[in-house]
Structure formats: structure tokens, C-alpha cells
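In: predicted model and sequence follow; I will ask about them next.
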Amino acid sequence: MSKRQLILIVDDDAEMAATLADLLQQKGHQVQWATSAMEAEQIIATSADLALVMVDLVMPVMDGVTLLERIKRQKPDLAVLMMSGFGTIAAAVEAIKLGAEDFVTKPFERTTIIKKVNHILELRRLREKVEELEQARPAVPFSGLVAEAPRMRRAVELAEAAARTDVPVLLVGETGTGKELLARLIHRNSARSALPFIAVNCGALPRELVESELFGYRKGAFTGAQQDRPGLFGAVSGGTLLLDEISEMPSEVQVKLLRALQEGKVRPLGAVEEIPVNVRVIAATNRSTPVSLSGVLRQDLYFRLARITIELPPLRERREDLPLLLDHFLTTYSGKYGYRPTFRTDALELLSEYPFPGNVRELENLIEGVMATHQGQEVIGEKEIRPYLHPELLGRAGERVVDISMFSLERLEKFAIEQVLRLSGDNKSRASEILGISRESLYRKMKQYGIPL
């Protein structure tokens with residue numbers, strides 16, 4: 001559980017408050033209780049580890065709705081669960097509008113209240129984890145992107161425009177071109193920047209778990225579902241969800257995603273009713289055209305996602321950026337390794353002729369690899385660079401041995417799969433993990449490219 005785990009019960013009925021506190025303590029929760037809103041405010045002001053306040057709706061002097069409003073003004077991220085023996089739908093709706101996470105009527109069943117409390121605390125834990133990950137990653141403004149090539153400048157301009165809107169975005173580009181980085185920058189420069197950002201690779205999720213991972217599930221929905229789970233749409237509430245490799249999403253899940261985009265509602269696995277969600281979706285794919293997406297992505301979902309389409313060019317088509325990227329990564333890793341080498345002319349010529357099938361990510365990995373294995377070496381030449389490049393793409397003296405334009409995405413993908421299978425000793429589980437795709441996707445691609453199973 002999160003470090004902020006204290007629960008505060010606020011109820012003018014001392015016997016009810018004590019009974020509820022005892023129930024929650026039996027379930028392992030840390031609990032305090034107060035019999036007035038004024039007493040509760042003092043506890044809230046001095047408790048840094050407070051995670052949830054359970055507030056009775058009807059209390060003398062200051063009622064629960066007033067206390068809810070004051071809590072949300074002072075600590076807007078503090079979760080509140082409303083309770084009432086006079087519960088009505090109107091009161092529940094009003095409490096939710098004012099920021100309460102949920103509403104429960106008294107007398108309530110023990111299992112119901114435990115389930116609601118666990119659901120709220122689990123959602124808070126997920127949000128705090130996302131916030132920790134976001135804070136650990138340095139913010140990068142759009143102006144910090146390396147984008148001198150015309151096509152890359154156009155991509156950044158579209159991203160800046162997308163950040164000013166709230167519509168879905170489709171990012172298109174080969175593996176390693178920076179789709180996730182651009183998605184994060186769109187989020188950080190948007191009105192949702194203070195809320196969570198979560199990236200999920202649809203191809204890396206087992207097919208049978210995609211729906212439950214995205215939309216959540218109810219206890220008992222399937223074997224092993226011991227409690228309710230909110231799913232990624234619940235965890236990222238108010239923020240941005242990046243669906244990477246959207247073309248790998250099963251067709252039956254695409255229908256539910258389309259409804260989430262159109263109606264702002266999802267139905268967790270095993271649930272009867274839909275729940276509202278407020279999530280900005282950014283999708284990414286390495287398939288470049290609607291034609292290449294046909295057969296794997298529903299047409300109506302494609303047009304819904306492609307309100308703004310941003311194409312990131314491969315590194316071999318933005319050669320103007322190569323020296324700038326090289327300088328950027330040398331500077332980035334100089335702090336980690338304590339030196340900043342210079343690249344000789346022969347090394348630069350070798351890099352300029354190389355097609356970089358892994359794009360910017362491959363260049364970054366190359367720079368770090370060279371600096372890690374040659375620490376303190378002030379000058380880096382062709383000899384140090386060659387071991388990090390695919391030998392089949394190079395000539396004896398760094399000459400281009402094939403026409404780069406002949407390297408299709410499919411051919412490069414086949415090459416990558418073959419290399420990873422070789423390096424992993426033909427271990428399919430390890431290879432799929434390295435490639436960031438599911439075993440099912442790996443077997444499908446091996447069959448597609450004629451790679452022996």
C-alpha cells in the first residue's frame with residue numbers, strides 16, 4: 001500500500017464511528033475517527049499520511065457536504081468517501097460532483113464498505129506510483145527536441161498544436177523514432193500535465209489480459225480475480241494514456257476502446273454497468289498508412305484516433321539531425337561516465353552512411369555502449385564504432401552496400417527478429433520480452449517472415 005495510508009472516519013454517531021474503525025483495523029488499515037467536522041479538520045491539517053476521509057453526510061453544525069467542499073479546497077487530491085443513512089441518488093450525484101470518490105448508504109454491508117475502501121486506496125496507490133515515475137523523468141520542453149530536418153520540424157509543430165487540444169492523437173513511425181517521447185511531451189505541455197501519464201504496449205500484453213488491463217475487472221470476473229481492479233483507464237483518470245502498437249490490440253477490445261472514446265464510458269470485466277472515464281488517448285503504431293493498418297485496426301477506430309496524425313521520420317530520412325543528435329547524446333552521457341569523447345572523421349563518415357534500422361534509439365544505445373566500454377578514451381574512431389553496427393549493412397570501409405531506400409520496414413523487422421532470436425539462443429519468451437511484443441505476436445511475425453519456428 002501507499003505510504004499515505006491513514007483513514008479518517010468522521011461521524012457524529014460515536015458508536016458507528018468506533019464500529020467502522022474496528023472493522024477497518026481488522027483488515028489491516030490504520031484508522032482515526034472524529035465525531036465532528038471541526039475535529040476532523042484539525043486531524044486533516046496535521047496528518048501528512050492521510051489517504052482517505054470517510055464523511056457522514058448529515059452532521060450537526062457543519063454537514064458532510066460542507067466538510068467535503070472545504071477538504072477539496074485545502075487538499076484537492078485527498079480522497080473522500082461519503083456515508084449517509086438518508087442516502088438518495090440526488091445526494092450521491094451532488095457529492096460526486098463536488099469531488100467525492102464514492103458514496104455509500106447506511107446501514108451498509110461489511111463486504112461493501114471494505115470493497116469500496118480498498119478500491120479507492122488501490123486507485124490512489126496507482127496514481128502515486130505514476131506520479132513518482134513522472135517526477136523521476138526530467139521534463140523536456142518542445143524546444144529541447146532535436147528537430148532541424150524539415151519533416152521533424154513539422155512533427156514538432158503538429159505536436160505543439162496537439163498539446164493545445166484534448167482530441168486523440170495518432171503517432172506514426174518506425175520503432176525507435178521517438179513516439180513515446182513525443183507523447184510524453186504532448187502530455188506535459190497540455191492542460192492535463194499535472195495528472196498521470198501511462199504508456200502501455202498493446203503488443204506486449206497477453207491477448208487474454210488486454211481487456212482487463214485497460215478497463216479493469218470486478219471481483220470474481222475470472223479465476224484469480226480476488227478483488228476489484230480499476231484498470232489503466234481508471235488509474236490514469238484525468239490524464240493521458242498512450243496505447244503503443246495499437247495495431248496489436250485484439251478486435252474485440254477495439255470495440256470497447258471506440259466506445260470509451262465516443263461516450264467516455266467503460267465497462268470493467270464482470271461489471272453490469274458502465275462507469276464514466278475522463279482520459280486523453282494517444283495511440284502509436286509503426287504502420288505508416290491506413291492501407292497497412294487495414295485488417296488489423298477497425299476503420300471507425302482509426303478515424304477516431306487519427307484526429308491529429310503525426311508522422312515521425314526515420315533517422316535515415318533526417319540526416320541533418322545526425323550531428324545534433326550525436327552531440328546531444330554525448331553531452332547526456334558525459335555526466336554518467338565522466339568524460340566526453342571526440343569522434344574522428346572516419347567514425348562520423350561510418351555513421352553518416354549507416355541506415356540505422358533502430359533509428360534514434362539505436363544511435364543512443366550505440367553512444368552509451370561506446371562510452372561505457374571505452375571509458376577515458378578521448379578519441380573514438382571507426383574501429384570502436386563498427387562492433388555496434390549491423391555488419392550486413394556495411395561495406396569494408398564503411399561504404400553503403402545496399403540502397404537504403406530498398407530497406408523496407410518489413411525487411412528491417414525480420415532482421416531484428418532474427419538477430420534477437422540468435423542472441424537469446426532461440427528462447428522465444430526472452431526474445432519477445434526484448435522485442436517488446438507478446439509471444440503470440442512473435443510467432444505470428446515469424447510465420448509471416450518465414451522464420452523457422
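Out: Nice, I can see it.
In: which one is Lys72 nearest to, not counting chain neighbours?
Out: Excluding its sequence neighbours, the residue lying closest to Lys72 (C-beta to C-beta, 6 or more residues apart in numbering) is Gly99, at 4.3 Å. Where C-beta positions appear, they are placed from N, C-alpha and C, glycine not excepted.
In: surely the one you found and Lys75 touch.
Out: No. Using C-beta atoms under 8 Å, Gly99 is not in contact with Lys75, being 10.5 Å away.
In: which element follows the lowest-mean-pLDDT helix or strand in the chain toward the C-terminus?
Out: Least confident element among the helices and strands of the chain, by mean pLDDT, DSSP states H and E: helix 290-293 (a mean of 59). Sequence order places helix 299-305 as the next helix or strand after helix 290-293, per DSSP states H and E.
In: starting at the chain centroid, how far to that following helix?
Out: 21 Å (C-alpha atoms, centre = their mean, to the nearest Å).
In: so where's this protein shaky on pLDDT?
Out: Counting by pLDDT under 70, the chain contains low-confidence ranges at 1-4, 86-90, 92-93, 126-127, 129-144, 288-295, 395-412, 415, 419, 423.
In: let's see 50
Out: Applying pLDDT under 50 to the chain flags the ranges 1-4, 133-134, 136-140, 396-407.
In: can you give me the strands in it?
Out: Secondary structure of the chain, counting by DSSP state E: strands at 6-10, 30-34, 50-56, 79-84, 102-105, 169-172, 197-201, 240-244, 265-266, 275-276, 280-285, 308-311, 342-343, 379-380.
In: JSON lines for those, including distance to Leu145?
Out: Below are the strands of the chain laid out as JSON lines (distance: least, C-beta to C-beta, whole Å):
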{"stretch": "strand 6-10", "distance to Leu145": "42"}
{"stretch": "strand 30-34", "distance to Leu145": "45"}
{"stretch": "strand 50-56", "distance to Leu145": "38"}
{"stretch": "strand 79-84", "distance to Leu145": "37"}
{"stretch": "strand 102-105", "distance to Leu145": "41"}
{"stretch": "strand 169-172", "distance to Leu145": "14"}
{"stretch": "strand 197-201", "distance to Leu145": "17"}
{"stretch": "strand 240-244", "distance to Leu145": "17"}
{"stretch": "strand 265-266", "distance to Leu145": "33"}
{"stretch": "strand 275-276", "distance to Leu145": "35"}
{"stretch": "strand 280-285", "distance to Leu145": "16"}
{"stretch": "strand 308-311", "distance to Leu145": "12"}
{"stretch": "strand 342-343", "distance to Leu145": "22"}
{"stretch": "strand 379-380", "distance to Leu145": "25"}
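In: now Glu440, nearest residue through space, not along the chain?
Out: Nearest to Glu440 is Arg207, by C-beta to C-beta, 6+ apart, at 5.7 Å.
In: isn't the one you found up against Pro250?
Out: Yes. Under the criterion of C-beta under 8 Å, Arg207 makes contact with Pro250 at 5.6 Å.
In: distance of Glu252 relative to Leu269?
Out: For Glu252, the distance to Leu269 (C-beta to C-beta, to the nearest Å) stands at 12 Å.
In: the more surrounded of the two?
Out: Counted by other C-beta atoms under 10 Å, Glu252 and Leu269 do not tie: Leu269 has more neighbours, with 19 against 10.
In: count of residues packed around the nearest residue to the more buried one once chain neighbours are set aside?
Out: Excluding the flanking residues, the one nearest Leu269 by C-beta to C-beta, 6+ apart is Tyr217, at 3.8 Å. Taking other C-beta under 10 Å as the criterion, the count of residues near Tyr217 is 22.
In: mind listing the helices for the stretch 201-350 of the chain?
Out: Listed in chain order, the helices found in the stretch 201-350 of the chain under DSSP state H, counting those that start in this stretch are 210-215, 231-235, 251-263, 290-293, 299-305, 322-337, 345-353.
In: which one of those lies closest to Asp56?
Out: Proximity to Asp56 (C-beta to C-beta) singles out helix 231-235 among those, at 26.1 Å.
In: what sits up against the closest one?
Out: 123, 126-127, 130, 196, 198, 200, 212-217, 241, 260, 266, 268, 275, 277, 279 (C-beta atoms under 8 Å, 6 or more residues apart in numbering).
In: that one: how far from the chain's middle?
Out: 10 Å.
In: restricting to C-alpha, output it in PDB.
Out: Provided in PDB are the C-alpha atoms of helix 231-235 (Å, rounded to 0.1, in the frame of the first residue of the first chain):
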ATOM      1  CA  GLY A 231      -7.500  -0.900 -14.900                       C
ATOM      2  CA  LEU A 232      -5.400   1.700 -16.700                       C
ATOM      3  CA  PHE A 233      -8.300   3.900 -17.700                       C
ATOM      4  CA  GLY A 234      -9.200   4.200 -14.000                       C
ATOM      5  CA  ALA A 235      -5.600   4.700 -12.900                       C
END
